[in-house]
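3D, please:
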Amino acid sequence: MIDPEKIESIFPVIKNRNNFLIGEFPTYHPESLDYLEFWKSIKKRCIEGMWAKDGEYYRYCPGNLFFYANLGTILHRPKHLPKTAPKIKIRPDLRDFEWAFAYNWICARGFSGFELDDEYTCCEDVNLHTGKYDASCFNSKGELKKYIPQLQYIRKLWEGPKGKPLYKNEAKNLMLLGARGGGKSWFTAVAIILHEFLFDGAREYTDETIKYPGSAEIFVGSGLAGKSSELLAKVQLAFENLPGQYIYSDGKIKPSPLYKHTSGSLKPNNLNSPFRHEYKKKIGNDWKLYGTKSKILHGVFTMENPEVAAGNRPGTIVIEEVALTPNITAIHGSNTAAQLVDSTKFGSSLYIGTAGNIYKIIESEIIFKDPHSFDMLSFTNDDNTETCWFVPAYFTNNDFKDENGNTKQEEAYNYYVERRNKLKKDKINKSALDYEMLNYPLIYTEMFVRSGDNRFPISELRHTYSILSTRKDLLDSSIKGFFEIDEKGNVYYKQEDVEPVREFPFRGNENINGCGEMFEPVVKNANGDVPLYTYIGGFDPVDDDGNYNYKNSLQSFFVFNTITRRIVFEYTGRTRLVEEFYEQVRRAALYYNAIICYENQKKGFYGYMTKMNSLHLLADTPEILKDNGLISSIGMIGNKSKGIHSNIRTNSWGIDLQISWMLEQAYNKEEGIRNVDLIRSVGYIKECLLYAPPNSGKRVNTDRISSMNMLMIFAEEINKITTNLRNPDKKSEIDIFKQHYDKAFGKKRSKINLYRL
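Here you go, the predicted structure:
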C-alpha cells in the first residue's frame, strides 16, 4: 500500500496521460449493440470518472476531466501551425493544470472518498468528530475510517481502482486567480458548465438516474456582460461540436448521443427564457414538452443589483473575471443564500479571475486572502499562509510542458525570471516590471502589487474594508441626503432615499451625482451651538459643469471632528451644474459652523463663495505651510489668499499627515482601536489602497485623498489655535464638548459601538 502521508503537489505529475484518452471514436451504426454499449460506457465515465494505470499505480480521473479531454472542443493554435495562423477547433490538451482544476472542483462539489476504499475517507464529519457519520465513514469491521484531507486524498495513487466517488461533504466554493492564459476559461466552459448541463448534474450512472434524471441549474455571470458572454460562447462552441455524430448513407445526420435539444438563449439576462433542455414532441394530435429542464441562466451583476442570482437555486454559479466584478462580497452573500437549503450548502460557486485585473477591484483580493470566511477551498502556500487557489505563470505556459502535460517547472520559472531581469534594465518604462508581475505572477502576493510609493497602511485599510464589505448594517447606518434651508434661513439635513458614490475607480452609472453621507450626527454645546473649530472641512473642487463623462474628476468634500479626530460627513460626486455641489458644501459649512480648506487651483469655488457673501467660511492659506518651507509666500488677495495651492511637496506632506492620523489611537476607544479602524468612507479606503502618486506614471484620480490633504493640513494649522483647549489642567471647551458629546450619544450607545469595527 502506498504511504497515505505521501501526497502530490496541487499540480500532479502524470506518468502516462494516454491511458486516460480515447483517441479516435469508433463509427458504430446507431442501431447496433456496439454503439449502445460504447456510448453507455462513455456516459458512465463522463459522470463517475475512470481509473487507469499511471506508471506503477492507479490514478482516478474525474468525470468532467474525462469529458473535457475526450469530448470537448476548444479554439487553439497548435504548435505545428505558423504563429500568425488563426486558431482552429481542436480537442483540448490534458495537462497538469486541467488535472489540478478537476481535482479541486470535485472537492468543492462535496467529494468524500471512494466507495471501495475500506481504509480511508475525506468525509469532514470524521475529521470534526460530529458523530453524524454516514455508512461510508465506516470500514468493513465497523470502525471509523482514517481521515485524509480532501485535496490530498483525491490526488492519491492506488494499487487498484477504488470505484466511483462519494459525495457526503457539504459543498464549498472555489476561487481561482492566476496568470493570463492557461485555459481556465475553456476548462470552466466545457468541463464545468457544459458538463453539468449535459449530464443533468448526475453524480452516478445507474438505471435509476437514467430513468429519472435530475434537472441541473447553472448560473453564469460577470460584472461585464461581454466577459460572461465570451465564456458562454465557448460553451456553445463545444456543445455544437460534440463528437459521435453519425452520417447515414442517404446523407441524414444523427447527432452525438450526448446532444440535447434545447430552447431559450444564452444571451445576457436570459432569466425569462434560459438556455434549457426542453423541446416539443407531437404525441397523437397534441404537442407535449419533453426534456430534463436543465438550464443555464446568464445574468450581469451591477452595483445596483448584486442579487441577480437570487430567486434561483443553482447548483453551480460561475463568475467570469471576478476581479472586474464590483461589490463581489455583496454578490457572494446573495449567491450563498441561493445555494443553501435550510443550513445545508448544496451548491458551489466558482470565481475565476486574471491576475492583471486584480488591482482594480479590491473585494476579490479580500475573498482570496480569507478563504474560510467565504466558504472557499483553502490552499496552503509556501509561506504557510492560507488563500484561495493561485496559479503561477509558469504553470500556464504550454512551451514548458512535457509529453504528458507536466510543467518543466525550473525551466519555466527561469524563463519568467529572465524576462524580469531584462525589464529591470529598462530605464525609460519603469512601470513595465510592475505590469509583468501583475500579469505573470510567480507567487500569489505579486497579484496584489501596489506602487512602491504607496505609503498608506495597506494591511490596516484592507482589514477595515473587509469589515465594511461584509457589514451591511454599518453601511446602512449612515444618513444619506442633502442640506436644505428652511424659510427662516436655517440649514438642516434632509434624509433621502439616495445612494452615495462608493465605487473606485469610478466606472460610471446613473449615480454620479452622489449624495451626502453623515456618519455621525452633529454635536453641540450646552448653549445649543457648535463651537468654532470643532468641525473643519476639506474640499477638492472642479470648475466645469457637466457630469456625463464619468472619467472626469469628482468633487469631494469631507467634514472632520477635530476633537474626536473622526470623519463625520462626506459628499463625493459630480453634479450637472457645478454650483449645485458648491452650494451643498457652503450649507454644510453653515450647518457644522466649519471653516473649509480647499484646493485653490480652481477659481470657481472662490468666485461662488464671493457671490454668496460666504468668504468668511473659507480658510486662509495655512501659515504652517510657510513655516515648514512648503511654500515660499502666502497670497494677500483674492483666491490665492484662501485654501492651498497643491504641489508635490504639499501633497506628500498631506499624505504623511493622513497616514499619521490613521495610525493614531482612536478618541474615547479602548487601547488598540485606531482611527483607521473607524473610517466609514468606502470610496476613501479604496483610493488609499490603489493610490499611485503622479510620478509613478499611473493615472489615477484620487479626489478623496486630495480633499483629505486639504483637511489634514488645515487640522495641523488649527491645532495651534486650539492648544489651550487641550490643556488638562483647566476646565475648557473640550470638557464641555465631551459632556455633551456623551449625552448626545448616550441613548445610542449600541449604535456607536458599531464604530468599533
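
strands of the stretch 51-200 of the chain, residue ranges please.
57-61, 74-76, 88-90, 113-114, 120-121, 146-147, 165-166, 174-178 (DSSP state E, counting those that start in this stretch).

need the winner for burial among the ones you listed.
strand 113-114 (a mean of 26; mean count of other Cβ atoms under 10 Å). The C-beta positions use only the backbone N, C-alpha and C, and glycine is treated the same way.

how far away from the center of its chain is it?
33 Å (Cα atoms, centre = their mean, to the nearest Å).

average pLDDT for it?
For strand 113-114, mean pLDDT rounds to 98.

stretch 679-690 now?
Rounded mean pLDDT across stretch 679-690 is 91.

restricting to C-alpha, output that stretch in PDB.
C-alpha atoms of stretch 679-690 as PDB (Å, rounded to 0.1, in the frame of the first residue of the first chain):
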ATOM      1  CA  ILE A 679     -13.100  55.100   8.800                       C
ATOM      2  CA  ARG A 680     -16.600  54.700   7.200                       C
ATOM      3  CA  SER A 681     -15.900  56.000   3.800                       C
ATOM      4  CA  VAL A 682     -15.600  53.000   1.400                       C
ATOM      5  CA  GLY A 683     -14.500  55.200  -1.500                       C
ATOM      6  CA  TYR A 684     -11.700  56.800   0.500                       C
ATOM      7  CA  ILE A 685     -10.400  53.400   1.600                       C
ATOM      8  CA  LYS A 686     -10.400  52.200  -1.900                       C
ATOM      9  CA  GLU A 687      -8.500  55.300  -3.100                       C
ATOM     10  CA  CYS A 688      -5.900  54.800  -0.400                       C
ATOM     11  CA  LEU A 689      -5.400  51.100  -1.300                       C
ATOM     12  CA  LEU A 690      -5.000  51.900  -5.000                       C
END
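
what residues does that stretch touch?
359-360, 362, 450, 456, 458, 461-462, 464-465, 468-469, 474-475, 478, 500-505, 517, 519, 558, 567, 570, 572, 658, 662, 700, 702-705, 708, 755 (Cβ atoms under 8 Å, 6 or more residues apart in numbering).

so the most centrally placed residue in the chain, which of the three states?
Nearest to the mean C-alpha position of the chain, counting by Cα atoms, centre = their mean, stands residue 364 at 2.4 Å. Secondary structure for residue 364, judged by DSSP: H, G, I helix; E, B strand; the rest coil, is helix.

distance between the ends of stretch 404-414?
21 Å (Cα to Cα, to the nearest Å).

tell me the buried residues in it?
404-407, 409, 412-413 (16 or more other Cβ atoms under 10 Å).

next, format those as CSV and append secondary structure, distance to residue 269 and pLDDT.
Converted to CSV, the buried residues of stretch 404-414 look like this (DSSP: H, G, I helix; E, B strand; the rest coil; distance: Cβ to Cβ, whole Å; pLDDT from 0 to 100):
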residue, secondary structure, distance to residue 269, pLDDT
404, coil, 43, 96
405, coil, 38, 95
406, coil, 42, 95
407, strand, 39, 94
409, helix, 43, 90
412, helix, 41, 92
413, helix, 43, 90
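
out of these, which one sits closest to residue 239?
residue 405 (24.7 Å; Cβ to Cβ).

against residue 392, how distant is the closest one?
16 Å (Cβ to Cβ, to the nearest Å).

which helix is the longest one in the protein?
helix 703-721 (DSSP state H).

what's that helix packed up against?
strand 535-540, strand 555-561, strand 566-573, strand 595-598, helix 623-627, helix 648-662, helix 682-689 (3 or more Cβ pairs under 8 Å, 6 or more residues apart in numbering; DSSP states H and E).

6 Å instead?
Applying 3 or more Cβ pairs under 6 Å, 6 or more residues apart in numbering; DSSP states H and E, one finds that helix 703-721 makes contact with strand 535-540, strand 555-561, strand 595-598, helix 648-662, helix 682-689.

how about the residue nearest to the centre of the chain, nearest residue that isn't a chain neighbour?
Once flanking residues are discounted, residue 364 sits nearest to residue 323: 4.6 Å by Cβ to Cβ, 6 or more residues apart in numbering.

that neighbour reaches residue 366, doesn't it?
No. The criterion here is Cβ atoms under 6 Å, and residue 323 misses it with residue 366 at 11.6 Å.

ok, back up a step: the longest helix of the chain vs helix 648-662, what angle?
With axes from the mean of the first three to the mean of the last three Cα atoms, to 10 degrees as the basis, helix 703-721 and helix 648-662 are set at 80 degrees to each other.

so how far is helix 703-721 from its chain's centroid?
Computed by Cα atoms, centre = their mean, the chain-centroid distance of helix 703-721 equals 33 Å.

tell me which element residue 492 falls in.
Here residue 492 sits within strand 491-495, counting by DSSP states H and E.

neighbouring strands for the next helix-or-strand element following that strand, and are they parallel or not?
Beyond strand 491-495 on the C-terminal side, the first helix or strand identified by DSSP H and E is strand 516-518. Sheet partners assigned to strand 516-518 using DSSP bridges are listed as strand 479-485 (antiparallel), strand 566-573 (antiparallel).

hang on, the earlier thing: buried ones among the contacts of stretch 679-690?
359, 362, 456, 461-462, 464-465, 468-469, 474-475, 478, 500-505, 517, 519, 558, 567, 570, 572, 658, 662, 702-705, 708, 755.

so what touches stretch 248-256?
Outside stretch 248-256, the residues that touch it by Cβ atoms under 6 Å, 6 or more residues apart in numbering are 30, 242, 244-247.

nearest to residue 163 among those residues?
Checking these one by one against residue 163 (Cβ to Cβ), the nearest turns out to be residue 244, at 26.3 Å.

okay, now the closest residue to that closest one other than its chain neighbours: neighbour count?
Of all residues not flanking residue 244 in the chain, residue 256 sits nearest, at 3.8 Å (Cβ to Cβ, 6+ apart). If you count neighbours by other Cβ atoms under 10 Å, residue 256 ends up with 18.

re the thing from before, in TSV, list the helices and strands packed on helix 703-721 along with distance to residue 286.
Formatted as TSV, these follow (distance: least, Cβ to Cβ, whole Å):
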stretch	distance to residue 286
strand 535-540	70
strand 555-561	65
strand 595-598	75
helix 648-662	72
helix 682-689	57
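
quick one: closest of the ones you listed to residue 386.
helix 682-689 (21.5 Å).

and that closest one, which residues are buried?
Buried residues in helix 682-689 (16+ other Cβ under 10 Å): 682-689.
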